[in-house]
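Q: return atomic coordinates for the entry below.
(chains A and B)
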Amino acid sequence: MPPGYPGDLIRAGPGLARTFPWLTGGDIIACVTQLSVSVGAEDGAGGSRTVVRLVGEADVTTPVLGEVLSAEAAKKPRLLLVDVSGLTFIDSAALHEIVRAYRRLRADGGRLAIVSPSYAVDRILQLSALDQVIPVHASAEEADV
Amino acid sequence: MPNNLPRCGQVGTVTGACGSSEAGKEFDERFDAATLHSLRERVAACAAAAGMPEDRAMYVTLAVHELAANAVRHGAGSGRLLIHAAGGTLRCQVSDAGPGTGPWPLRQGHGLWIVQAVADQVTASSGPDGSEITLVFGLPAEAGPCHLGTQET
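A: From the prediction side, this is the model:
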């Protein structure tokens, strides 16, 4: 596994040294978590729903997204909402993880929807045509009808 | 790494200096998995400095990220990004020294589809010494259109 995954111990390279000038090359630090993922349960119109909230930037170096989504999808919730309101960037690798969870839930008779995309993330969803595959809603209430 | 891609015949004026106040200096950075995140920030700043509108700058950042992520995941694990703004275009060249998994354009994935959707021109070469991909984006510059040739290797 390449270095740079959240929670990994990595060596500060030139890039990190630029971002964190107090570090010198060779220092061992815990990787900065660029993405935080939290999971909660809410009561919705049709019953309980699971909300996975993403804050930060989701990309190929944040496998925590795929891990959390597949763990939650395995619990076969009625509705799994991926709240991306706190997300400022998402790449194709992270989108792929959402698609995987979507397919898995569908196979189990559940639903997955993306809610509250920021302008930037909305543009990426449109560009990748993912919004044609996975429902995108402005709010959790709108998604849970 | 050879940079033998065709140059614009028109004498370009540097519309934006990337990562430097020194006009004409190229953005030249190495990246790996640990620096993909910060690379995006600097690419966005570079595209904006070159005169790219905010929306387009976001697409440039996304496209460059996808290529850099491919180099990290499927290539050498690290690579190099060169960006040069000249002649009304922003040229972003991503290269890596990995063996690659075949000529780049033939290996289609979601990320590459995004790249081809947003870039005005994509040229790629791949060999035993690694892969090199150049994206060209038109800048909304006062300079006239710049027609770049296409090179296939």
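
Q: contacts, neighbours, all on C-alpha from now
A: Noted.

Q: need the next SSE after the helix or strand of chain A with the lowest mean pLDDT, C-terminal direction.
A: Using mean pLDDT, DSSP states H and E, strand A:28-30 stands out as the lowest-scoring helix or strand of chain A, at a mean of 40. The element immediately downstream of strand A:28-30 (helix or strand, assigned by DSSP states H and E) is strand A:35-44.

Q: quick one: strands adjacent to that next one?
A: Note on strand A:35-44: by DSSP bridges, its sheet partners are strand A:47-58 (antiparallel).

Q: centre of the chain to the partner strand, how far?
A: The chain centre lies 7 Å from the centre of strand A:47-58; the measure is Cα atoms, centre = their mean, to the nearest Å.

Q: what does that strand contact?
A: A:34-43, A:65, A:69, A:77-91, A:94 (Cα atoms under 8 Å, 6 or more residues apart in numbering or on different chains).

Q: filter these down to the buried ones.
A: A:35-37, A:65, A:69, A:77-91, A:94 (16 or more other Cα atoms under 10 Å in any protein chain shown).

Q: check the secondary structure at the residue in chain B positioned nearest to chain A for me.
A: Proximity of chain B to chain A (Cα to the nearest Cα) peaks at B:Ala34, 4.3 Å away. Under the three-state scheme (DSSP: H, G, I helix; E, B strand; the rest coil), B:Ala34 adopts helix.

Q: burial measure for it, as a count.
A: Other residues near B:Ala34 number 24, with proximity taken as other Cα atoms under 10 Å in any protein chain shown.

Q: can you check B:Asp129 too?
A: Counted with other Cα under 10 Å, B:Asp129 comes out at 12.

Q: now do the contacts for the residue nearest to it when sequence neighbours are not counted.
A: Spatially, and ignoring its direct neighbours in sequence, B:Asp129 is nearest to B:Ala97 (5.6 Å; Cα to Cα, 6 or more residues apart in numbering or on different chains). Contacts for B:Ala97 (Cα under 8 Å, 6+ apart) come out as B:75-76, B:78-79, B:129-131.

Q: then A:Arg106?
A: Per Cα under 8 Å, 6+ apart, neighbours of A:Arg106: A:Leu112.

Q: sounds good, over and out.
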